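[1] predicted coordinates and the sequence they were generated for:
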Amino acid sequence: QLKLVESGGGLAQPGGSLTLSCVASGTSLAHYGVAWFRQVPGKEREGISCISEKNGNTYYVDSVKGRFTLSRDNAVNTVTLQMNSLNPEDTAVYYCAADLFGTCSGYENPIVFAHWGQGTQVAVSS
């Protein structure tokens, strides 16, 4: 059974950076497409980035493109979201999610992903 644990959240100043990690256990993450979602109270969970199982192709929504970078290291069962140039609108709980043999097709829809972490809070404020 795949288990995902996020870490790296916290408080950052506008313009600052944070690095979120999603570490998997129970089975190899290498066979999964992995996405990051974020959610603020009262709003739907938003898919912001995805890395595919094959080839490691990455995808980003426009609001984070050029600021966030997603990567994976299958040797240590980890997917990393590097977040730069943070702004207050990035404040949310961030979740990683995994889809077996995932291609990232439709990654912005939470229903694509069967496995979820517990989330990590990111707050951007001066």
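    Looks like it came in fine.
[2] ok, Gly106 to Leu86 distance?
    Going from Gly106 to Leu86 by CB to CB, to the nearest Å gives 27 Å. The way it works is simple: take the backbone N, C-alpha and C, and place the C-beta from them, glycine included.
[3] so these two - more neighbours on which side?
    Counted by other CB atoms under 10 Å, Gly106 and Leu86 do not tie: Leu86 has more neighbours, with 22 against 13.
[4] strands along this protein, start to end?
    Using DSSP state E, the strands of the chain run over 3-7, 10-12, 18-25, 32-39, 46-51, 58-60, 68-73, 78-83, 92-100, 115-116, 120-124.
[5] columns mean neighbour count and mean pLDDT on top of the ones you listed, output as JSON lines?
    What follows is the strands of the chain, written out as JSON lines (neighbours: other CB atoms under 10 Å; pLDDT from 0 to 100):
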{"stretch": "strand 3-7", "mean neighbour count": "17", "mean pLDDT": "98"}
{"stretch": "strand 10-12", "mean neighbour count": "14", "mean pLDDT": "98"}
{"stretch": "strand 18-25", "mean neighbour count": "19", "mean pLDDT": "98"}
{"stretch": "strand 32-39", "mean neighbour count": "25", "mean pLDDT": "98"}
{"stretch": "strand 46-51", "mean neighbour count": "23", "mean pLDDT": "98"}
{"stretch": "strand 58-60", "mean neighbour count": "17", "mean pLDDT": "98"}
{"stretch": "strand 68-73", "mean neighbour count": "18", "mean pLDDT": "98"}
{"stretch": "strand 78-83", "mean neighbour count": "21", "mean pLDDT": "98"}
{"stretch": "strand 92-100", "mean neighbour count": "22", "mean pLDDT": "97"}
{"stretch": "strand 115-116", "mean neighbour count": "18", "mean pLDDT": "98"}
{"stretch": "strand 120-124", "mean neighbour count": "18", "mean pLDDT": "98"}
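[6] fine, thanks again, bye for now.
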